[in-house]
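Participant: Just the structure for this:
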Amino acid sequence: VTVRVNGGDAITGFKFGDIQQVNLPGGDYLIEIIPDILGTVAISASVTLEDDMQYTLAAIGDGANQSQDLFPMVDDTQPLTDSAKRRVTHLAPFAAGMARVDICTDDGTEIIPDFDFKEFTDPYLELPAGDYDLVIALDGTSCSTVAFDIPSVRLMNGDIVDVFAIGGAN
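Facilitator: Numbering: from 1, shown residues only. Below you'll find the model as predicted:
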């Protein structure tokens, strides 16, 4: 896709799952997402950005089960000296009636129950340094029906990590 900011191309050749940084001063912006194959605007949204803040803007929805939209989140970029921060954001799946999930540890301990589409951990989870292996399980299954096994990550003090569930149920 092409991402336009106030009518000008800011990102071209942007693919599903990509992350790209764009530096903008505070102000009001019109953000448009144009699929290259269509050549017409699929998502159009106005956002107000403040100076000295960082944001994540995610293009979400499949147009059938969820409307296509721009989903903004304020990023917490202040590191901690004695722990790590992790934000988990649910922007999937693209299937009607399957939005709620449970976030669990790999050993089956439920951490975030009943986590719905467009929810995210706010504030970030503050975690001691260490290895973390999480899974996304179907809601209400006591972590036994795993929909997705998030790759293990080692967090160090001061780390700030985002985890985004994106895409379809597969």
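
Participant: which residue sits closest to residue 154, ignoring its sequence neighbours?
Facilitator: Once flanking residues are discounted, residue 154 sits nearest to residue 131: 5.1 Å by CB to CB, 6 or more residues apart in numbering. C-betas here are computed from N, CA, C, even on glycine.

Participant: What residues of the host helix or strand of that neighbour count as buried?
Facilitator: When elements are assigned from DSSP states H and E, residue 131 belongs to strand 130-132. By neighbour count on 16 or more other CB atoms under 10 Å, the buried set for strand 130-132 is residue 132.

Participant: so after that strand, what's the next helix or strand?
Facilitator: By DSSP H and E, the next helix or strand past strand 130-132 is strand 134-138.

Participant: so how far is that following strand off the chain centroid?
Facilitator: 16 Å (CA atoms, centre = their mean, to the nearest Å).

Participant: what are the pairing partners of the strand holding residue 131, and which direction each?
Facilitator: Counting by DSSP bridges, the strands paired with strand 130-132 are strand 153-155 (antiparallel).

Participant: right, and the helix or strand after the strand it pairs with?
Facilitator: Beyond strand 153-155 on the C-terminal side, the first helix or strand identified by DSSP H and E is strand 160-165.

Participant: Output the below-cut-off pLDDT ranges for the chain.
Facilitator: 93-98, 168-170 (pLDDT under 70).

Participant: which ones are touching the residue nearest to residue 154?
Facilitator: 152-155 (CB atoms under 8 Å, 6 or more residues apart in numbering).

Participant: quick one: which of the residues you listed is nearest residue 125?
Facilitator: Taking CB to CB as the measure, residue 125 lies nearest residue 155 of those, at 10.0 Å.

Participant: Write down the beta-bridge partners of the closest one, one by one.
Facilitator: residue 130.

Participant: What is the neighbour count of it?
Facilitator: Residues within reach of residue 155, counting by other CB atoms under 10 Å, total 19.

Participant: same check, this time on residue 88
Facilitator: Per other CB under 10 Å, the neighbour tally for residue 88 reads 21.

Participant: Over to it. Which of the three states is it?
Facilitator: Here residue 88 is recorded as strand under DSSP: H, G, I helix; E, B strand; the rest coil.

Participant: could we number from 45 for the rest of this?
Facilitator: From this message on, residue numbering opens at 45, which makes the last subject residue 132.
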